[in-house]
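**Student:** Got a predicted structure plus its sequence, pasted below:
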Amino acid sequence: DAALEGLRWCWLALGSEGRMEQTLATDQDNALIFAAADDIQHSALLAFALRVNHQLDACGFPLCKGEIMASNPKWCLSLTGWQQQFTQWIDHGSPEALLNASIFFDFRPLTGDASLALDLRTWLNRAAQKNPRFLHQMAGNALRNRPPLGVVRDFVLSDDDAHPHTIDLKLNGATPFVDAARIFALAAGSPQTNTAKRLREAAHALHIPDSELADWNRAFHFLQLLRLRHQHGQQRAGQTPDNHLDPDTLNPLDRRILKEALRQARKVQSRLAMDYKL
């Protein structure tokens with residue numbers, strides 16, 4: 001597009017795509033960052049983003065129901081605009097707003113001028129480290145979602161009519177690791193977005209023993225593997241893939257490993273609770 005000539009811009013992947021952790025049950029989460037642009041260039045950028053969003057949808061990446069996409073003017077911002085948006089979340093965000101905004105902190109440059117994204121990441125890490133209230137709020141949010149381990153039975157299973165007798169492997173399995181790693185990375189000033197890499201970098205900064213770190217990453221990767229296996233099986237059966245697994249469908253060994261993986265999620269949360277006195 002002629003209107004975009006000379007404009008510096010970068011396409012950002014957010015959420016699981018930003019963390020390089022997408023599974024078969026996914027949708028689009030993306031955004032755009034650009035240097036200074038006039039109204040004509042901004043309109044051209046939005047039109048370009050809309051075409052890309054629809055082409056990704058045609059390739060099997062559904063449009064985001066929450067409209068967290070680059071074609072939404074709210075998420076097509078200049079570097080200054082993104083700094084103002086993150087400042088709003090960091091300095092004034094309510095717990096609910098931060099919960100909804102968490103995937104934006106996982107942004108990763110995909111194509112275009114990556115230096116815009118890297119400049120934003122450097123700025124964001126400094127801003128987050130300067131505001132302990134923000135990190136405390138993020139930790140409080142993360143601890144609201146507990147791994148579904150029972151006292152009497154192995155697992156606490158859903159009584160939801162839509163998914164009875166299941167565990168949500170994403171929300172109650174992988175997410176405790178993802179949320180803790182995000183907070184550790186922001187606190188340590190790490191530029192990483194991938195959960196395992198965030199944990200690895202933060203572990204050194206936070207003096208977490210290597211053996212503990214290895215257990216956390218093994219547990220997280222097992223949960224991701226279970227999600228992919230479950231979703232692949234659903235696709236082969238002609239079903240829409242999801243994250244709701246009935247643990248009774250697992251063999252005894254995988255069931256025991258799942259229980260241990262959820263115990264490790266609980267340990268990650270204990271570390272978060274200790275660090276933030278929650």
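**Tutor:** Perfect, thanks for sending it. This structure is a prediction, so every number in the text was calculated from the model and none was measured.

**Student:** Walking through the stretch 1-150 of the chain, point out its strands one by one.
**Tutor:** For the stretch 1-150 of the chain, the strands defined by DSSP state E, counting those that start in this stretch cover 9-13, 30-34, 76-78, 108-112.

**Student:** counting contacts, what elements does the second one pack onto?
**Tutor:** Strand 30-34 is packed against strand 9-13, helix 39-58, strand 76-78, helix 79-92, helix 114-129, with contacts defined by 3 or more Cβ pairs under 8 Å, 6 or more residues apart in numbering; DSSP states H and E. C-beta here means a position set from N, CA and C on the backbone, and glycine is covered the same way.

**Student:** Kindly reformat the strands of the stretch 1-150 of the chain as TSV containing distance to His165, mean neighbour count and mean pLDDT.
**Tutor:** Listed next are the strands of the stretch 1-150 of the chain as TSV, based on distance: least, Cβ to Cβ, whole Å; neighbours: other Cβ atoms under 10 Å; pLDDT from 0 to 100:
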stretch	distance to His165	mean neighbour count	mean pLDDT
strand 9-13	34	23	97
strand 30-34	35	25	97
strand 76-78	43	19	96
strand 108-112	36	16	97
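
**Student:** so which of these comes closest to Gln84?
**Tutor:** Of all the strands of the stretch 1-150 of the chain, strand 76-78 sits nearest to Gln84, with 8.1 Å by Cβ to Cβ.

**Student:** helices and strands around the closest one, which ones?
**Tutor:** Packed next to strand 76-78, using 3+ Cβ pairs under 8 Å, 6+ apart, are strand 30-34, helix 39-58.

**Student:** Pull the residues that contact the last one.
**Tutor:** The one in question is helix 39-58. Helix 39-58 has contacts (Cβ atoms under 8 Å, 6 or more residues apart in numbering) with 1, 3-4, 7, 9, 11, 28, 30, 32, 34, 37, 63, 69-71, 73, 76.

**Student:** What of stretch 188-204?
**Tutor:** By Cβ under 8 Å, 6+ apart, stretch 188-204 touches 18-21, 106-108, 118, 121-122, 125-126, 129, 174, 177-178, 180-182, 184-185, 187, 205-206, 208-210, 212-213, 216-217, 220-221.

**Student:** Turn the buried ones among these into a named ChimeraX selection, would you?
**Tutor:** A single ChimeraX command selects the buried members of the contacts of stretch 188-204 (16 or more other Cβ atoms under 10 Å):
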select :18,19,21,106,107,108,121,125,174,177,178,180,181,182,184,185,187,208,213,216,217,220
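
**Student:** Inside helices: which ones of the contacts of stretch 188-204?
**Tutor:** When the contacts of stretch 188-204 are checked against helices (DSSP state H), the matches are 18, 118, 121-122, 125-126, 129, 177-178, 180-182, 184-185, 187, 205, 210, 212-213, 216-217, 220-221.

**Student:** Show me where this structure dips below the pLDDT cut-off.
**Tutor:** 152 (pLDDT under 70).

**Student:** now the strands: where do they sit in the stretch 151-278 of the chain?
**Tutor:** 167-168, 244-245.

**Student:** got the helices and strands packed on strand 30-34 as TSV, with distance to Leu135 columns?
**Tutor:** Output for the helices and strands packed on strand 30-34, formatted as TSV (distance: least, Cβ to Cβ, whole Å):
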stretch	distance to Leu135
strand 9-13	22
helix 39-58	31
strand 76-78	23
helix 79-92	9
helix 114-129	7
